[in-house]
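Chemist: Please find the sequence and the predicted model below.
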Protein chains: 2
Amino acid sequence: MAPESIKRMEKTKVAIVGLGTVGTGVARLLLDHGERTTRHAGRSIWLEKAVVRDLNKPRDVELPEGVLTDRLEEVTDNDEIECVVQLVGGVEAARSIMIQLLESGKDVVTANKALLAEYGAELFDRARELGRSIAFDAAVAGGIPIVTNIGQCLSANRIESIHGILNGTCNFIISQMEEQGISYHEAVEEAQRRGYAEADPTMDVDGSDAAQKLAILSHLAFGARVHWKDISRQGIESLSPTDLRFAGELGYRLKSLAVARLEGDELELHVGTQLVRRDSPLAEVGGAYNAIRLVGDAVGRVWFHGMGAGRMPTASAVVADLIDSVVGRTAITFRTLQLWSERPARVLPKPSATAATRYYLRFTVQDHPGVLADITGALSKQDISIASFIQHEQHEGPSDRIPLIIMTHQTTVGAADRALAEIHQLEMVHEPAMRLRILD
Amino acid sequence: MAPESIKRMEKTKVAIVGLGTVGTGVARLLLDHGERTTRHAGRSIWLEKAVVRDLNKPRDVELPEGVLTDRLEEVTDNDEIECVVQLVGGVEAARSIMIQLLESGKDVVTANKALLAEYGAELFDRARELGRSIAFDAAVAGGIPIVTNIGQCLSANRIESIHGILNGTCNFIISQMEEQGISYHEAVEEAQRRGYAEADPTMDVDGSDAAQKLAILSHLAFGARVHWKDISRQGIESLSPTDLRFAGELGYRLKSLAVARLEGDELELHVGTQLVRRDSPLAEVGGAYNAIRLVGDAVGRVWFHGMGAGRMPTASAVVADLIDSVVGRTAITFRTLQLWSERPARVLPKPSATAATRYYLRFTVQDHPGVLADITGALSKQDISIASFIQHEQHEGPSDRIPLIIMTHQTTVGAADRALAEIHQLEMVHEPAMRLRILD
């Protein structure tokens, strides 16, 4: 039962590949705060090499003589280096580097979610064959240690659902629209100015980034085998200040959520904007923060909340993984959990049409007798009952474009599809309805 | 680096000592959901014995033939039992059982915070001498895995502060007072009716329980050596609905918090009711929930929120610890962290008079010219400046007992002590001021 004895004050040599934002943070923690890693690892963690593409680029960290190199072989050929932090972005190059590292006998720590979402199965299989391990807590939700919490701390539970605010860019944009009353495009520009959104924010705002993270968490928590591209995604591009205003009036906030929910043996998965009750802990998650609400059958509801990105929060997760790898905890977890292995999937994806939910529906209609009767008639035909609705008196703006809000009781995605298809045929209804789920 | 290889599908025999609320939950998880523990441990975890005092007491769990016993020796004499969940309450008997278990070669998992707060040093030393381990995540904050998060997941950080709602009984009582507008005594009765408070709730409501948990967390997060009785405690017994009403009017909620905050090499520790801004995640923690806000220098602010007590949430934490012990992760952590060891304390307690804080002060005064001048004069003499104050017109009630609320800017505990001592001498001030800290 006991692991091999930890020899105190040994030195374990490690390396970093990729010295961008997060890599620089990791180097700083290792170089400037060695006493912490020593205390937690029971040995000194020694940064032997940092591999970069461009040796001449200015860096935000001062590296000791001889550490910086542009040759990966200085790591792969050095048998004294036991564990490598792999922080190269993208997918194809990162995959090749990861395989070289594993094949040269290194345990690997990574924060690259896109890589794992795409090549997780191959990489984990290869690591197992080679008797090595991969740690990846920083790949999801930055500083929030959600991977260790699901894989280790909550292991007595059947996880029943995960609701995550996993994309800080989306959350910042929505928060700005809400707080400043600005448009989606103005909020994106503000996010870019502050460094919370990239020049091309597509992967963030269209839900791809959150879907990749959700695919990883679903694998870990439910034993699901799902490719992130098969997860239904609703981006935030079409959100309007009108929706934020109405949601506020109804006692809700809007949050872009990644959701995995077990129903029997089926797993419902989707990413999209939802109405979250104002007094719920998820509603209070502002700005660039991430949060996860998890329900386990033993533990009940648990929330985690913290910085989902950024240099030092992500470095915090990477260095914790590095310590776990160096002391041997990762090897144990990696072997017992058998992630991305040949084990059969424990759950199957739920066909989305059968998923149950409540909806917020915003129609843009002409102020004309009969329009409400036609819309409610179409809903009623699909057995969708109405919990509340709002239509304000129109004091300004054109009277032929009036917003009409309907909050439904529980229904299914399929029933809503059918009702909306009929409603969109109505002459007095102008544009496709805005349709958002309401979180229970 | 690698731990000894985990042999798949081996059987590891374990035992439970104490089959009360939590013990019953642990037995259920092991007996009814063995597939989970097997999946996470890579081997089957077999409940061999459950030791109780009274064999005839009815139990909420069906145990296989031969498991139940009232003889501890059936565990200590059985060399095949590797790990024992020790859930005996109280302190002295629990200590003796713990030592017998360690001396018979068992790793131990416990949820007994009082035991650790009192005898942690002795027990951990003994475990180390014997090459055994103690896991205790369930001892603090029930289902929230805060011990593993601090000791393992956030190990790259210097922890700078911990603010915890660690006592669900207090939180429930305050929530009831706030939501139902009832008195402290009515709320205590309601908590007792619902099983959230014991017949004698003293240890909960006077802050002792939270102080014991805070002492354990401070040890873990800061390397502090502090006895829980040396932590300053303010109970909730003197809270009045008036304070909840004024706090609400000012945009705050009241929460009983356990606080550890680093300033330089000094650690400020206290337990007491504080004003928490309504839009902060801690303010949303209602009913019997627990929550912890932690600040690390790398990760920034992180919040954890979940059930702080109850059969299954606590059992969730116990069984996770049991799995960690069985697979060998606990042994690694236990050895590297060197908890309650001879290592010198990394921080010293901060003398409470020098601790900085903002205050909410409620005075009960006569409506008389000069009273405000006298009070503000006494504050000003101690350099305490006023951020805001409220005195409402008195439409009902006696005009000689008027509540006057003052919110101060940052000051120190010592300065407030001196100002209040002077104010309490004033003839027009009726009773000692209610004095609550305001959380930044």
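Modeler: Alright, I've got the coordinates.

Chemist: switch to C-alpha atoms for all contacts and neighbour counts from now on
Modeler: Noted.

Chemist: Where do the helices of the stretch 201-350 of chain A begin and end?
Modeler: A:202-205, A:208-222, A:241-249, A:311-327, A:329-337 (DSSP state H, counting those that start in this stretch).

Chemist: now the angle from the last one to helix B:311-327?
Modeler: For helix A:329-337 against helix B:311-327, the angle by axes from the mean of the first three to the mean of the last three CA atoms, to 10 degrees is 110 degrees.

Chemist: List the contacts of the most centrally placed residue in chain A.
Modeler: The centroid of chain A falls nearest to A:Leu166 when counting by CA atoms, centre = their mean (3.3 Å). Shown in contact with A:Leu166 (CA atoms under 8 Å, 6 or more residues apart in numbering or on different chains): A:140-141, A:210, A:213, A:257-258, A:290-292, A:308.

Chemist: Tell me which of the residues you listed fall in strands.
Modeler: Among the contacts of A:Leu166, the residues falling in strands (DSSP state E) are A:257-258, A:290-292.

Chemist: what's next to the lowest-mean-pLDDT helix or strand in chain A, contact-wise?
Modeler: Taking mean pLDDT, DSSP states H and E as the measure, chain A has strand A:348-349 as its least confident helix or strand, at a mean of 90. By CA under 8 Å, 6+ apart, the surrounding residues in contact with strand A:348-349 are A:224-226, A:265-269.

Chemist: Torsion angles phi and psi at A:Gln366?
Modeler: phi -80, psi 140 (degrees, to the nearest 10).

Chemist: Which per-residue confidence value corresponds to it?
Modeler: At A:Gln366, the pLDDT value in this model is 89.

Chemist: Quick check: closest non-adjacent residue to it.
Modeler: A:Asp400 (4.1 Å; CA to CA, 6 or more residues apart in numbering or on different chains).

Chemist: And for A:Val91?
Modeler: A:Val91 sits nearest to A:Leu115 (CA to CA, 6+ apart), 5.0 Å away.

Chemist: For burial, what's the neighbour tally of the one you found?
Modeler: 22 (other CA atoms under 10 Å in any protein chain shown).

Chemist: helix/strand/coil for it?
Modeler: Look at A:Leu115: counting by DSSP: H, G, I helix; E, B strand; the rest coil, its state is helix.

Chemist: Number of residues surrounding A:Arg279?
Modeler: If you look again at residue A:279, you'll see it is Asp, not Arg. 17.

Chemist: Also A:Gly296?
Modeler: A count of nearby residues for A:Gly296, using other CA under 10 Å, gives 21.

Chemist: and if you look at A:Asp200?
Modeler: A:Asp200: 9 neighbours (other CA under 10 Å).

Chemist: what's the helix or strand for it?
Modeler: Using DSSP states H and E, A:Asp200 falls within no helix or strand.

Chemist: Serialize the helices of the stretch 201-350 of chain A to JSON lines and add fields for mean neighbour count and mean pLDDT.
Modeler: Supplementary listing: the helices of the stretch 201-350 of chain A in JSON lines, determined by neighbours: other CA atoms under 10 Å in any protein chain shown; pLDDT from 0 to 100:
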{"stretch": "helix A:202-205", "mean neighbour count": "18", "mean pLDDT": "95"}
{"stretch": "helix A:208-222", "mean neighbour count": "25", "mean pLDDT": "96"}
{"stretch": "helix A:241-249", "mean neighbour count": "17", "mean pLDDT": "94"}
{"stretch": "helix A:311-327", "mean neighbour count": "27", "mean pLDDT": "97"}
{"stretch": "helix A:329-337", "mean neighbour count": "22", "mean pLDDT": "93"}
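
Chemist: Minimum distance to chain B: which of these has it?
Modeler: Nearest of these to chain B, taken as CA to the nearest CA: helix A:311-327 at 3.9 Å.

Chemist: in the stretch 1-150 of chain A, which spans are strands?
Modeler: Using DSSP state E, counting those that start in this stretch, the strands found in the stretch 1-150 of chain A span residues A:11-17, A:44-51, A:68-69, A:81-86, A:107-110, A:134-135.

Chemist: can you redo those as TSV with distance to B:Ile386, mean pLDDT and mean neighbour count?
Modeler: Shown next, in TSV, are these (distance: least, CA to CA, whole Å; pLDDT from 0 to 100; neighbours: other CA atoms under 10 Å in any protein chain shown):
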stretch	distance to B:Ile386	mean pLDDT	mean neighbour count
strand A:11-17	52	97	22
strand A:44-51	50	97	22
strand A:68-69	54	98	18
strand A:81-86	51	98	25
strand A:107-110	50	98	27
strand A:134-135	51	98	25
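
Chemist: For B:Glu74, find the nearest of those strands.
Modeler: Closest approach to B:Glu74 among the strands of the stretch 1-150 of chain A (CA to CA): strand A:134-135, 40.5 Å.

Chemist: Report the distance from that closest one to the chain centre.
Modeler: Its chain's C-alpha centre and that of strand A:134-135 lie 18 Å apart, by CA atoms, centre = their mean, to the nearest Å.

Chemist: For that strand, which strands pair with it and how are they oriented?
Modeler: Listed by DSSP bridges, the sheet partners of strand A:134-135 and their directions read strand A:107-110 (parallel).

Chemist: got the CA coordinates for the strand it pairs with in CSV?
Modeler: Output of strand A:107-110 as CSV, limited to C-alpha atoms (Å, rounded to 0.1, in the frame of the first residue of the first chain):
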residue,chain,number,x,y,z
ASP,A,107,5.8,12.3,-17.3
VAL,A,108,4.0,15.2,-18.8
VAL,A,109,1.9,18.1,-17.4
THR,A,110,-0.2,20.1,-19.8
